[in-house]
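**Student:** I'd like to go over a predicted model; first the sequence, then the structure.
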Amino acid sequence: MSKERLLLLAVAAVQFTNVMDFMIMMPLGPQLMRTFEINPQEFSLLVSAYTFSAGIFGFLGAFFIDKFDRKTALITIYIGFTAGTMMCGLSDSYMLLLSARILTGMFGGLLGALVLSIVGDAIPLERRGAAMGTVMAAFSVASVVGVPFGLYLATSFNWQMPFLLLAFLGLIVLFLIYQFVPSMTSHLQKAKPNDNPFAFVASITKNPNQILALSLMVFMMLSQFSYISMLSPYMVSNVGFSEHDLTYIYMLGGALTIFSSPIIGKLADRFGRARIFTIFSILMLGPTIYLTNIGHTPIAIVLVVTSLNFMFVSGRMIPGSTMVTAAVLPQNRGSFMSINASIQQLSSGLGAFLAGLIVYKNPLSGMLINYNYVGYFALFASVISIIIANNLKAIDVQQPPTTQPIAHHA
């Protein structure tokens, strides 16, 4: 296996554990509410605590992340992430678990930015779409494995077991990072002595192209998480799913994107990232409107649509993320991607919050009302993202080799 493939394997493993840690909270709601005797609002705080912590510390990371060897930064941050996950598994009270989610989010937000920076530094732009597809496939694997297997462990043992397993996997991933991620310091060599991260962050507001890149991420996240955040309760209350049936949405959708993500990445490299982004954004509109407007429907039909929705959402995230990495020079990519990760987390939380303001529960029927308006909002945000993507320019066109030989481990 080539050095490049081994590096992608290592960062994909980082991404897998990071995504799985976040997603595994969703199906644990009933157990956590019963165990800690908390209400739905308190459970939602457990979920959003990670997101907002990741957003805040992702932004703060922009001021220092480009000052270190990428490998050293990845190992240090991943140790903190693993410690936070272990703390979740050892929590025996609501407040301790809430604190653990905040700690895990601190490091999880930085991990996402660092993974994209490493891919951006190590892989030339002409092959970066395919590499991004490989890394994004980790989300698919987490969807297939994380939700059903996490539920199995939680129901067979206790809710802590999924987190303890993730902490154990984290030790294996740390070995993969040490073994297969080379020292990456070319961004330090390209940096000027008087480079100031505070000045760079301030300069983003004066750079229309970078503003467009961040705006693209905002509208992508708003269009996705606004309706996805309410999808599970809507499927149960309005469509006829049982809570157990919800796992099939993640399993089938995730399984489909495992195969589609690498293909979509190659298509983006061959036919253009903006073009592929536009195509999959348009394709996503159909499932979005359908899922937010249906009533009681056979589960098999809904699963076909949700699986296609997974593929289309992933299909635009791959070229979209690739375009964002190319909107900044390598010496500033870590800082920029930290801000981008922060924007991504905060926009995701905002999308879910807005959906919560729009949708309400009918006290008589128990059905959710106004979910269709969330779908229309998602459609509007998707159209805006298409316009932005087609005006975004790549400035990192020529990408020379940026890694030292694999043998030079930190």
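**Tutor:** Noted; the coordinates are in hand.
**Student:** residues in contact with Gly105?
**Tutor:** By CB atoms under 8 Å, 6 or more residues apart in numbering, the contact set of Gly105 is 49-54, 57, 84. C-beta here means a position set from N, CA and C on the backbone, and glycine is covered the same way.
**Student:** make TSV out of the residues you listed and add distance to Leu246.
**Tutor:** As requested, the contacts of Gly105 are exported to TSV (distance: CB to CB, whole Å):
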residue	distance to Leu246
Ala49	22
Tyr50	20
Thr51	20
Phe52	25
Ser53	26
Ala54	24
Phe57	30
Gly84	26
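**Student:** out of the residues you listed, the closest to Tyr373 would be?
**Tutor:** Tyr373 lies nearest to Thr51 out of these, by CB to CB, at 22.7 Å.
**Student:** where does the closest one land in three-state SS?
**Tutor:** Here Thr51 takes the helix state, with states given by DSSP: H, G, I helix; E, B strand; the rest coil.
**Student:** and it, what's its pLDDT?
**Tutor:** For Thr51, the pLDDT comes out at 82.
**Student:** repeat that for the one 3 residues further on.
**Tutor:** pLDDT, the model's per-residue confidence, is 85 for Ala54.
**Student:** keeping just the C-alphas, turn whichever strand or helix holds it into CSV.
**Tutor:** Ala54 belongs to helix 40-61 when elements are defined using DSSP states H and E. Once side chains and other backbone atoms are set aside, the C-alpha atoms of helix 40-61 remain, and they are given as CSV (Å, rounded to 0.1, in the frame of the first residue of the first chain):
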residue,chain,number,x,y,z
PRO,A,40,-35.9,16.2,26.4
GLN,A,41,-34.5,19.7,26.8
GLU,A,42,-31.7,18.5,29.1
PHE,A,43,-30.9,15.7,26.7
SER,A,44,-30.8,18.2,23.8
LEU,A,45,-28.2,20.1,25.8
LEU,A,46,-26.0,17.1,26.0
VAL,A,47,-26.1,17.0,22.2
SER,A,48,-25.7,20.7,21.5
ALA,A,49,-22.9,21.0,24.2
TYR,A,50,-20.6,19.1,21.9
THR,A,51,-21.5,21.2,18.9
PHE,A,52,-21.1,24.6,20.5
SER,A,53,-17.9,23.6,22.3
ALA,A,54,-16.5,22.3,19.0
GLY,A,55,-17.5,25.6,17.3
ILE,A,56,-16.0,27.9,19.9
PHE,A,57,-12.7,26.0,20.3
GLY,A,58,-12.5,25.4,16.5
PHE,A,59,-12.4,29.2,16.1
LEU,A,60,-9.8,29.6,18.9
GLY,A,61,-7.7,27.0,17.2
